[in-house]
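Participant: Can you look at this prediction? I've put the sequence above it.
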Amino acid sequence: MTTEEATGTGAAAATPGWRDLLGREHGAVAAALAGGVALHAVNVYLATTVLPSVIEDIGGARLYAWATTVFVVASVLGSVLAAAVLARTGPRAAYRWSAAALLVGTVVCALAPNMLVLLVGRAVQGLGGGLLFALCYSVVRIVFEEALWPRAMALVSAMWGVATLVGPALGGAWAQAHVWRGAFWTLVPLLALCAGPGARRLPGRDGEPGSVRLPWGTVGLLSAAVLVVSAASVAESLSVNAAGVLVAVALLWLWARHERAAAVRVLPRAAFGPDRRLRLTYVTMAGLVVASCVEVFVPFFGQRLQGLGPLEAGYLGAAMAAGWTLGSVVLSGATSRRALVVATAPVFSLVGLVAVAPVRSSGAAAVSAVAAGLVLLGWGVGAAWPHLLTDVLRLSGDTDQDVAGASTTTVQLTATAFGSAVAGMVANASGFADPATTADAARHLFAVFLVPAAVALAGAVLVSRAGAGKRSPAGK
């Protein structure tokens, strides 16, 4: 593949740097998009950290898992609706409305007198956060020239790494002070700033409102699939776990059939066309995201098997996010080698999963090996991510650009929901909570998640061979 084919633009030397993105011309807009994703992501990790304290204060232990389930389902719903909201209101208003919804949900959580009210707040948070997350990706192609897309995508995706460091620390500090509500109140002024002055530099609506038809069939099937697999993952019965996965897979199959023929969809038309490049890109993205979901149990294993304290174990889990951020920042500008980067990135994730095996042991050497493995796992995702996101925009065609930007978030959130649910199923089936079988659970979990990493590698190799970096005939 030539350099021109790999980049779709021309000479690598013309690739803009970080100064071009963060300078006076684009800096304010870039900060707004990065800030929106960062606040959504910080909220995710903050809420997870304070939930044990919430249960101690207001009760509702039997609904503990649903605090995450309703948030994930609502986030997927928000990401699916992002294209329609953007077409109707324009970037500035859509950004403000989604940030305002996230703010309202956060206030409800902070004031919740019982778990049922907290679940309502989590649902509103998920809807606003998923919408904001998807909009920030979609707006990239509107406000920046194409040459800046990889850098902008890297900046936005790197906010998850920042959030993984900030969220647990912020939530843990308030929880340790026995004032868990303060964690949510801390986000309120930041969200108000985001919904107000933060959106001023974004463009308003251009012309008459676009189509406001909503993909209700797609929303129903996709939300049902996520809800089923998330609910089944908390069951103690292995047969219920398996049945939930089978039903969710069936719903996803029905969703794909419906999406192919739907007039209003969440994936670009090119995803179902004769050119397989976009389909392979989505497969690669989904495989990498699912493989990364092992991080959910790393803090638990760190405490139970390696004798780490809660804060130390939390930051051990954050090593994956650090690798993701580093991979995105360092390799986002490698446009002349994008095919090679995408094809080899999943290898790092595979090696990282193997290297995490010492999580079953204790001692400084084992902890260091686990941290290094998690960094490699995250590096594999982060190195490929900006290029995969950019390829989605380039391969989708002009008529589906709004859908293309939101589709990346829908794929990521759906893959995260399924990956987290499957991780919970494997851990539960292996008896992770029993000290006698915790080590076996760790071994089973990391072995099973080699499969999605291998799927991502196969997809990455195929998409590179197919020339995913070349400009689509339907594109610009």
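Facilitator: All right, it came through fine. Since the model is a prediction, treat every value here as computed from it, not as a measurement.

Participant: And the strands in this structure?
Facilitator: Read by DSSP state E, the chain holds no strands at all.

Participant: For it, name the helix or strand with the lowest mean pLDDT.
Facilitator: helix 3-7 (a mean of 40; mean pLDDT, DSSP states H and E).

Participant: give the contact list for residue 37.
Facilitator: 132-133, 136, 156-157, 159-160 (C-beta atoms under 8 Å, 6 or more residues apart in numbering). Heads up, the C-betas are built off the backbone N, CA and C, glycines and all.

Participant: let's see it at 10 Å
Facilitator: 129, 132-137, 155-160, 162-163, 409 (C-beta atoms under 10 Å, 6 or more residues apart in numbering).

Participant: how far away is it from residue 114?
Facilitator: Relative to residue 114, residue 37 is positioned 31 Å away (C-beta to C-beta, to the nearest Å).

Participant: repeat for residue 381
Facilitator: Separation of residue 381 from residue 114 (C-beta to C-beta) stands at 38 Å.

Participant: When these two are compared, which one has more neighbours?
Facilitator: residue 381 (30 against 11; other C-beta atoms under 10 Å).

Participant: how about low-confidence regions in the stretch 201-350 of the chain?
Facilitator: For the stretch 201-350 of the chain, the stretches with pLDDT under 70 are 205-213, 310-311, 314.

Participant: for the stretch 51-200 of the chain, same thing?
Facilitator: Using pLDDT under 70, the flagged stretches of the stretch 51-200 of the chain are 61-62, 64-65.

Participant: Residue 384: how many residues sit nearby?
Facilitator: Number of residues near residue 384 (other C-beta under 10 Å) recorded here: 30.

Participant: Double-check it against residue 337; I have them as touching.
Facilitator: No: between residue 384 and residue 337 there is no contact, the gap being 11.9 Å when judged by C-beta atoms under 10 Å.

Participant: For these two, list the residues in contact with both.
Facilitator: 331, 343-344.

Participant: Tell me, how many residues neighbour residue 237?
Facilitator: 12.

Participant: residues in contact with it?
Facilitator: Taking C-beta under 10 Å, 6+ apart as the test, what residue 237 contacts is 243-244, 428-429.

Participant: Put the buried members of those residues into a ChimeraX selection.
Facilitator: Buried residues among the contacts of residue 237 (16 or more other C-beta atoms under 10 Å), as a ChimeraX selection:
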select :244,428,429
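
Participant: tell me the two of the contacts of residue 237 that are most distant?
Facilitator: Farthest pair in the contacts of residue 237 (C-beta to C-beta) is 243 and 428. Separation: 14.3 Å.

Participant: how far away is the residue nearest to residue 74 when sequence neighbours are not counted from residue 227?
Facilitator: Here the nearest residue to residue 74 in space, its sequence neighbours aside, is residue 126; by C-beta to C-beta, 6 or more residues apart in numbering that works out to 3.0 Å. According to C-beta to C-beta, residue 126 stands 12 Å off from residue 227.

Participant: And residue 132, by the same measure?
Facilitator: Taken as C-beta to C-beta, the span from residue 132 to residue 227 is 21 Å.

Participant: Looking at those two, which has the bigger crowd around it?
Facilitator: More neighbours surround residue 132 than the other of residue 132 and residue 227, with 32 against 19 (other C-beta under 10 Å).

Participant: Touching, that one and residue 82? I think so.
Facilitator: Yes: assessed by C-beta under 10 Å, residue 132 is found in contact with residue 82 at 8.6 Å.

Participant: Between those two, which contacts overlap?
Facilitator: 94, 98, 409.

Participant: ok, residue 167 - contacts?
Facilitator: Residue 167 is in contact with 38, 41-50, 160, 183, 314, 318, 321, counting by C-beta under 10 Å, 6+ apart.

Participant: where does the nearest residue to residue 287 once chain neighbours are set aside land on pLDDT?
Facilitator: What sits nearest to residue 287 in space, not counting adjacent residues and going by C-beta to C-beta, 6+ apart, is residue 456, at 3.0 Å. On pLDDT, residue 456 comes in at 95.

Participant: Any figure for the gap between residue 456 and residue 463?
Facilitator: 10 Å.

Participant: Report the set of residues contacting both of those two.
Facilitator: Common neighbours of residue 456 and residue 463 (C-beta under 10 Å, 6+ apart) are 283-284, 384.

Participant: Please dump the residues you listed into JSON lines; it should also carry distance to residue 197 for every row.
Facilitator: Output for the shared contacts of residue 456 and residue 463, formatted as JSON lines (distance: C-beta to C-beta, whole Å):
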{"residue": "283", "distance to residue 197": "40"}
{"residue": "284", "distance to residue 197": "38"}
{"residue": "384", "distance to residue 197": "34"}
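
Participant: got a list of what residue 42 touches?
Facilitator: So residue 42 contacts 159-160, 162-171, 183, 186-187, 190 (C-beta under 10 Å, 6+ apart).

Participant: quick one, helices of the stretch 251-400 of the chain?
Facilitator: Assigned by DSSP state H, counting those that start in this stretch, the stretch 251-400 of the chain shows helices spanning 277-292, 298-306, 310-317, 319-331, 338-355, 364-395.

Participant: Could I get the average pLDDT for the last one?
Facilitator: Per-region confidence: helix 364-395 scores 88 on mean pLDDT.

Participant: and it, which residues are buried?
Facilitator: 366-367, 369-395.

Participant: Next: stretch 278-291.
Facilitator: 278-291.

Participant: now it, how far from the chain's geometric center?
Facilitator: For stretch 278-291, the separation from the chain centroid amounts to 12 Å (computed by C-alpha atoms, centre = their mean, to the nearest Å).

Participant: can you check stretch 172-179 too?
Facilitator: 26 Å.

Participant: Show me the contact partners of it.
Facilitator: Residues outside stretch 172-179 that contact it (C-beta under 10 Å, 6+ apart) are 45-46, 49-54, 56-57, 168, 180-186, 310-311, 314.

Participant: Any of the residues you listed buried? List them.
Facilitator: Here, 16+ other C-beta under 10 Å leaves 45-46, 49-51, 53-54, 168, 180-184, 186, 310, 314 buried among these.

Participant: before we move on, back to that, buried subset of the contacts of residue 42 as a PyMOL selection?
Facilitator: To isolate in PyMOL the members of these that are buried, counting by 16+ other C-beta under 10 Å, one can use:
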select buried, resi 159+160+162+163+164+165+166+167+168+169+170+171+183+186+187+190
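
Participant: Out of the contacts of residue 42, flag the one nearest to residue 353.
Facilitator: residue 164 (18.1 Å).

Participant: how close does the closest one sit to residue 412?
Facilitator: According to C-beta to C-beta, residue 164 stands 15 Å off from residue 412.
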